[in-house]
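Colleague: next comes the sequence, and after it the predicted model I'd like to discuss.
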Amino acid sequence: MERTDDTAIPPEWLAEFEAAARRPLEQRMKYAFIKTYKPVLDDARFRAFDTMEDYRRWCEENLPPWLGYGRI
């Protein structure tokens, strides 16, 4: 079924989607997630906080704003 309005899917996108749909699930899962280093967050194995307030304060004081962990 082909669309003729402004929401038509470009043929190259459709071909890529169909090719991806034919791949085995294991392969699709392998490439579905991209590991991106997050400064400060990825620098320690884990962190624990006594309260949510402690966690929020730590985020505001230690994380770059572009990571999105600050308060609104």
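Modeller: Thanks, I have it.
Colleague: avg pLDDT for stretch 10-22?
Modeller: Averaged across stretch 10-22, the pLDDT comes to 94.
Colleague: how about the helices of this protein, start to end?
Modeller: Using DSSP state H, the helices found in the chain span residues 11-22, 25-32, 52-62.
Colleague: pick the most buried one from the ones you listed.
Modeller: helix 52-62 (a mean of 12; mean count of other CB atoms under 10 Å). From N, CA and C alone the C-beta is placed, and that goes for glycine too.
Colleague: what comes into contact with that one?
Modeller: Applying CB atoms under 8 Å, 6 or more residues apart in numbering, the contact partners of helix 52-62 are Val40, Arg47, Phe49, Tyr69, Gly70, Arg71.
Colleague: which ones are touching the second one?
Modeller: Which is Arg47. Trp58.
Colleague: so how far is Arg56 from it?
Modeller: From Arg47 across to Arg56, the span is 13 Å (CB to CB, to the nearest Å).
Colleague: again, but for the fifth one
Modeller: Taking CB to CB as the measure, Gly70 falls 9 Å from Arg56.
Colleague: try the last one
Modeller: Arg71 is 7 Å from Arg56, where distance means CB to CB.
Colleague: overlap in contacts, these two.
Modeller: By CB under 8 Å, 6+ apart, no residue touches both Arg71 and Arg56.
Colleague: what is the least confident helix or strand in this protein?
Modeller: Lowest on mean pLDDT, DSSP states H and E among the helices and strands of the chain sits helix 25-32, with a mean of 90.
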